[in-house]
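Engineer: Fold the stuff below for me.
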Amino acid sequence: MADHFQLRLVDSYTLAPTMRHFVFERADGQGLAFMPGQFLQIHFHYDDGTPTKRSYSIATVGDGNSPIKRIEIAVSYVEGGAATKLLGDLPIDGCIEVSGPYGRFCLHDADTHARYLLLATGTGITPYRSMLPKLAQWLAAGEREVVLLYGARSEVELLYGEEFEVFARAHPGFSFYACLSRQMRAEKRPNDRHGHVQDVLVELQPSAERDVAYLCGNPNMVDAAFNALKNYGLPVAQIRREKYVSAR
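Structural biologist: Predicted coordinates for the structure are as follows:
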């Protein structure tokens, strides 16, 4: 049975023109135990009183072991969206009803594959941000290589991009590719690529013997990357998927 509780807003700031980062704490003062990659559901009502809910992956970078005090999410602006209005109008110290955590889009110690391919678009990057402490442990042990392919239309939409760049410089074995589909940076970086994340797979040459893949974000990207990975021979069991669908 999932836990139900209130979250109290303590901070928020703009990540990109249509993206915002929210920081909450539990109203009861407790920490939240979760597995990186899991999500929470926000429960609220439409104007006519109909109950509804929205799911958001936890973006917090914790220590990987203890319950977290600050619960962070990234939210996309949806024109006319009920959740957009709810969160956009929420004042500091305002509270929302939440349940969770849910989900199995998580890293598994039992996996023995040498390379992890992490693909994301939009706010689909948030579960990978929460996974950074776990990935740091694996990379320090020299057990695995990790490649993160993050797709956006332009540099301004690369959420947490600089954080991943810093992590890559500090952790040999971790590579971060910015895949920009419309506008490249004014000063291109070595791992910048023009196009969509699934288009860069040809450069990485995935294989069933070496790779396990995680796909998170836009359903079109998830489906295209899933089919591409199957064509490279990866079995379905080695491709984990989480689709983000915007709802009004």
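Engineer: Am I right that K230 sits in a helix?
Structural biologist: Yes - according to DSSP: H, G, I helix; E, B strand; the rest coil, K230 belongs to a helix.
Engineer: what about it, neighbour count?
Structural biologist: A count of nearby residues for K230, using other C-beta atoms under 10 Å, gives 14. Just so you know, the C-beta spots here come from the backbone N, C-alpha and C atoms, and that holds for glycine as well.
Engineer: Over to E143?
Structural biologist: 13.
Engineer: Tell me how far A208 lies from L234.
Structural biologist: As for A208, its distance to L234 is 5 Å (criterion: C-beta to C-beta, to the nearest Å).
Engineer: Which one's more surrounded, those two?
Structural biologist: L234 (22 against 14).
Engineer: what residues are up against the more buried one?
Structural biologist: Counting by C-beta atoms under 8 Å, 6 or more residues apart in numbering, L234 makes contact with P206, S207, A208, D211, V212, A213.
Engineer: Could you dump the residues you listed into a markdown table and include distance to S12, pLDDT and secondary structure?
Structural biologist: Converted to a markdown table, those look like this (distance: C-beta to C-beta, whole Å; pLDDT from 0 to 100; DSSP: H, G, I helix; E, B strand; the rest coil):
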| residue | distance to S12 | pLDDT | secondary structure |
| --- | --- | --- | --- |
| P206 | 38 | 98 | coil |
| S207 | 42 | 97 | coil |
| A208 | 43 | 97 | coil |
| D211 | 37 | 97 | strand |
| V212 | 34 | 97 | strand |
| A213 | 32 | 98 | strand |
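Engineer: contacting residues around the residue sitting nearest the centre point of the chain?
Structural biologist: For the chain, the residue nearest the mean C-alpha position is T126 (2.4 Å; C-alpha atoms, centre = their mean). With contact taken as C-beta under 8 Å, 6+ apart, T126 is in contact with Y56, S57, I58, A59, I73, A74, L159.
Engineer: Pull the residues that contact the longest strand seen in the chain.
Structural biologist: Looking across the chain with DSSP state E, the single longest strand is strand 3-16. Strand 3-16 is contacted from outside by 20-28, 30, 43, 70-71, 74, 90-100, 156-157, 159-160, using C-beta under 8 Å, 6+ apart.
Engineer: What's the PyMOL syntax to select whichever of those residues are buried?
Structural biologist: The PyMOL selection below is limited to those of the contacts of strand 3-16 classed as buried (16 or more other C-beta atoms under 10 Å):
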select buried, resi 20+21+22+23+24+25+26+71+74+90+96+98+100+157+159+160
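Engineer: Just to be sure, which of the contacts of strand 3-16 are found in strands?
Structural biologist: Counting by DSSP E, the contacts of strand 3-16 contribute 20-26, 43, 71, 74, 95-100 to strands.
Engineer: And the pLDDT at the residue sitting furthest away from the middle of the chain?
Structural biologist: Centroid-distance maximum for the chain: D48 at 31.8 Å, with C-alpha atoms, centre = their mean. As predicted, D48 sits at a pLDDT of 90.
Engineer: ok, so what distance separates it from A82?
Structural biologist: Taken as C-beta to C-beta, the span from D48 to A82 is 11 Å.
Engineer: I58 too?
Structural biologist: I58 is 21 Å from A82, by C-beta to C-beta.
Engineer: can you map out the strands along the chain?
Structural biologist: Using DSSP E, strands in the chain cover 3-16, 19-26, 39-45, 51-57, 71-76, 95-102, 115-121, 145-152, 174-180, 192-194, 211-217, 239-243.
Engineer: Can you tell me what sits against the second one?
Structural biologist: Applying C-beta under 8 Å, 6+ apart, the set of residues contacting strand 19-26 from outside is 5-15, 32, 59, 69-77, 87-88, 96, 122-123, 157, 159.
Engineer: ok now it, how far from the chain's centre?
Structural biologist: 14 Å (C-alpha atoms, centre = their mean, to the nearest Å).
Engineer: Cool, thanks, talk later.
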